[in-house]
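[1] Kindly generate the corresponding structure for this input.
(one chain, ligands or ions: 3)
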Amino acid sequence: MLGLASRDYHKFIISILPATALLLVYITLIPRRKSSTNTFPLIVDENSVSSLSSRVVVILLIGVGLETCLFGFSLSNLVVAIAPGVGKALSWVFLIRTTQQTSVAVATAIQTVGITATIDLSVLSTHMQAILCISSTVFALGQLVHMLPKQMKYKQVVWILPLLVIVPYMENTVAISSLKSAAQLSFDGSPDHPVEAIVNSAKDGFENMKRVQSQSYIAAHNEYTRRYGVEPPPGFQAWYEFAVSNNSPIIDEFDTMTKGILPFLRLSGKEVMEMMNSLQNDTRSEIWDCTFGTREAQTRCSHSHRYWDRHIQWMFNTLLGNLQIEVPNIRFFVNHLDEPRVVVPPRLTEKGHYQDRWLSLRNFSHQSVYDAIIKPCATDKNGYQSEKNDALTFGLPFITNFSSAMDLCQHPEYEHQHGLIMSPVSFKLIEGPVPVLSTGTLSTMADILYPSPAYLEPEFQYEESSDIPWDEKVNKLYWAGSTTGGFATDGNWRSYHRQRFISLCQNLGNRQHSYLQKSDGYIKRIKSSILDRRLFDVFFTRIFQCTWKQCKNQRNFFSLKSWAHKDEALRSKLVFDIDGNGISGRYYKLLASKSTPLKQTLLKEWHDDRLIPWVHYVPVSQSMDELPELILYLTSTQRGQQRAKEIAEQGHEWFRKAFRTVDFSIYTYRMLLELARLQDPAREAVMR
Ligand SMILES: *[C@@H]1O[C@H](CO)[C@@H](O)[C@H](O)[C@H]1NC(C)=O
Ligand SMILES: *[C@@H]1O[C@H](CO)[C@@H](O)[C@H](O)[C@H]1NC(C)=O
Ligand SMILES: *[C@@H]1O[C@H](CO)[C@@H](O)[C@H](O)[C@H]1NC(C)=O
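    Numbers count the residues shown, from 1 in each chain. Ligands and ions are numbered 1, 2, ... in the order given. Below you'll find the model as predicted:
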């Protein structure tokens, strides 16, 4: 009925168990005349009463036991869980007491009321469902009133019960519709919403970027030298020709990769190899040692004690195996873990050389990595300054500068906002200057970024046939997934990124949301506890990465869905994507689709230069304080809907141009050229 999720089953048990138990207690204790026609076949005569009451005690004990299993034993839990049920049961007991005749039908009616009256109407996806739910409550009550004896007084009092459900529901509905109409009144008439200005400037930036890509090898060469202050690596011309012949829309935008590799030039080629050898020497290093052979253009990877490389070797061979490319034989290290690995604490000589070549391995499993990973911030001239753009965004943290939003040095609050920082699953940190390839990294870390093999795996591919046109999609934000992202050993899970996201969207806890409204021509920020739950189809489907107790607490805290189809997201207009333990493998499916991806991430990826926030996807801040307003705008105003649709189309288009398998090859080819130069034994250290 109404697709009861597991949480509703819990509620069902909560409300039904004590009610039923108390009903039984009461029935047991009713004094009975022997001659009366007994409507309860359970009760045969007075002698059986004592055995029945012992049965009731057992049932009660089972009830409390079950409660304890589900929610853990704590008095407050128990009171909160049982109180409504007890209240309900007592009122029914009162009603029944005043009657002389009770029947099993009454108990059934009570149960029906119990179930329907405890469903949270504001979560149901349509008003129709809510009306159905209320109607069945009313119907069951009608049945009940009808069954009660005519002479009974005050029985009309039961009609208060549906009011207790209907009144808050109506109140909520009215508040939500007034929020929506205020948003429409404020922003449909003129493009004053901050999202408009941000989107327009992002679009201009993107058009400009496409226009200025180098049109000749000389131009590309000069652009490289201008950006990075060094010559391009040997083989660059052949790479350029390869990129052009494959219609790469991107020629110059490789800052994320290049700026990740260039700092290692402080070591000479020999020193780089020494560092790699000493890392490889350590069995705790947990890295894959790969070699690329020029002659057959094949990559081979090995590990000191593992066999399953999570498709690393397969990916390199898929991307480069059949190409005639000119890369010397090289060796490179790949990290197969989801988490980033390398931090290079600032230990430089006055001339900018690394002071010494040290290497240390540390295990941060289930511990905060914050202090270790912000060490590089010490040399950052900005220190802890963050760029605030409050005037443009009316105090809401809409992302206006992506790199600044990702920067740990500018955001000390991230220490307590992300599971990967607070309590990572493994986090085997390598401290020291050694090049290691990872799929995602944090702003202060030194992993070199390569495209995740997950993006090429069949499971994560977008198929047009499983998508539907924009107009047929439901006007909601969708996300379903598990509690990856941090390991919960204590109550801190409430601050992990995924948990914060779900509890915001499920409106758990008494929080105030910010919305923008125009009054007298000025945009103001208002606070409200109202969140339209219907706009958020957001659930955990699996609770894990937690101690037994914290798993149980989380199961109790969140509304869960037992299962979600892998393409369910594509049925919604807005689809969310959020970091797990590392990068999110499902992102490209969302990007390629006809839905609008909203993305929250702290992890840099290989694609950061080619994927433009507010053009191809909608970025969401770590605090998510702007999310309620953002979703209201994108779903409930015409202008916002238009923006969302445009972003969906732009992402869909760009994905087909800039995220082809050959685009991965172009990136990987250029990366190998950089790595080959880095470890060229003839290369001297560069002072930078
Ligand atoms: C690797 O370990 C071996 C023996 O454990 C040692 O002799 C060798 O010097 C080490 N190599 C490096 C580069 O640290
Ligand atoms: C890392 O630490 C965790 C928890 O302290 C421990 O379970 C794990 O075995 C450690 N791993 C290594 C490789 O030492
Ligand atoms: C974004 O922030 C960075 C600092 O994190 C700054 O260097 C850059 O100029 C900013 N970009 C824009 C467009 O303001």
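[2] which helices and strands does the lengthiest helix in the chain pack with?
    In the chain, taking DSSP state H as the definition, the longest helix is helix 160-187. Helix 160-187 is packed against helix 104-117, helix 127-147, strand 513-519, strand 522-528, helix 627-636, helix 638-658, with contacts defined by 3 or more C-beta pairs under 8 Å, 6 or more residues apart in numbering; DSSP states H and E. In short, each C-beta sits where N, CA and C put it, glycine included.
[3] swap the cut-off to 10 Å and go again
    Contacts defined by 3 or more C-beta pairs under 10 Å, 6 or more residues apart in numbering; DSSP states H and E place helix 160-187 against helix 75-97, helix 104-117, helix 127-147, helix 194-212, strand 513-519, strand 522-528, helix 627-636, helix 638-658.
[4] orientation of it relative to strand 513-519 in degrees?
    Angle, helix 160-187 to strand 513-519, by axes from the mean of the first three to the mean of the last three C-alpha atoms, to 10 degrees: 50 degrees.
[5] what sits opposite the closest residue to Leu611 other than its chain neighbours in the beta ladder?
    Once flanking residues are discounted, Leu611 sits nearest to Tyr617: 6.9 Å by C-beta to C-beta, 6 or more residues apart in numbering. For Tyr617, the beta-bridge partners are Pro613 (DSSP bridges).
[6] now swap in Val575 and tell me
    Tyr478, Pro597.
[7] how many other residues sit next to it?
    The local packing of Val575 (other C-beta atoms under 10 Å) involves 28 other residues.
[8] Next up, the contacts around it.
    If a contact means C-beta atoms under 10 Å, 6 or more residues apart in numbering, then Val575 has 473, 476-479, 537, 568-569, 586-587, 589-591, 593, 595-599, 617, 648 as its contacts.
[9] let's see 8 Å
    477-479, 569, 590, 593, 595-598 (C-beta atoms under 8 Å, 6 or more residues apart in numbering).
[10] Need the mean per-residue confidence for the strand or helix carrying Ala238.
    Element membership of Ala238 [criterion: DSSP states H and E] is helix 236-245. Summarised as a single mean, pLDDT over helix 236-245 is 97.
[11] still on that earlier bit, surely the residue nearest to Leu611 meets Thr601?
    No: applying C-beta atoms under 8 Å as the test, Tyr617 and Thr601 come out as separate, 10.2 Å apart.
[12] in what helix or strand does the closest residue to Ser285 other than its chain neighbours lie?
    The shortest distance from Ser285 to any residue other than its chain neighbours is 5.1 Å, reached at Leu279 (C-beta to C-beta, 6+ apart). Taking DSSP H and E as the definition, Leu279 sits inside helix 269-281.
[13] by contact count, what packs against that helix?
    Checked by 3+ C-beta pairs under 8 Å, 6+ apart, helix 269-281 has strand 330-334 packed alongside it.
[14] what comes into contact with the strand it packs on?
    With C-beta under 8 Å, 6+ apart as the test, strand 330-334 has contacts from 276, 279-280, 287-292, 301, 309, 312, 434-438, 450, 672, 675-676, 679.
[15] from those, which would you call buried?
    Among these, those scoring as buried are 276, 279, 287-290, 292, 301, 309, 312, 434-438, 450, 672, 675-676, 679 (criterion: 16 or more other C-beta atoms under 10 Å).
[16] Just the ones of these in helices?
    Per DSSP H, the buried ones among the contacts of strand 330-334 map to helices at 276, 279, 312, 672, 675-676.
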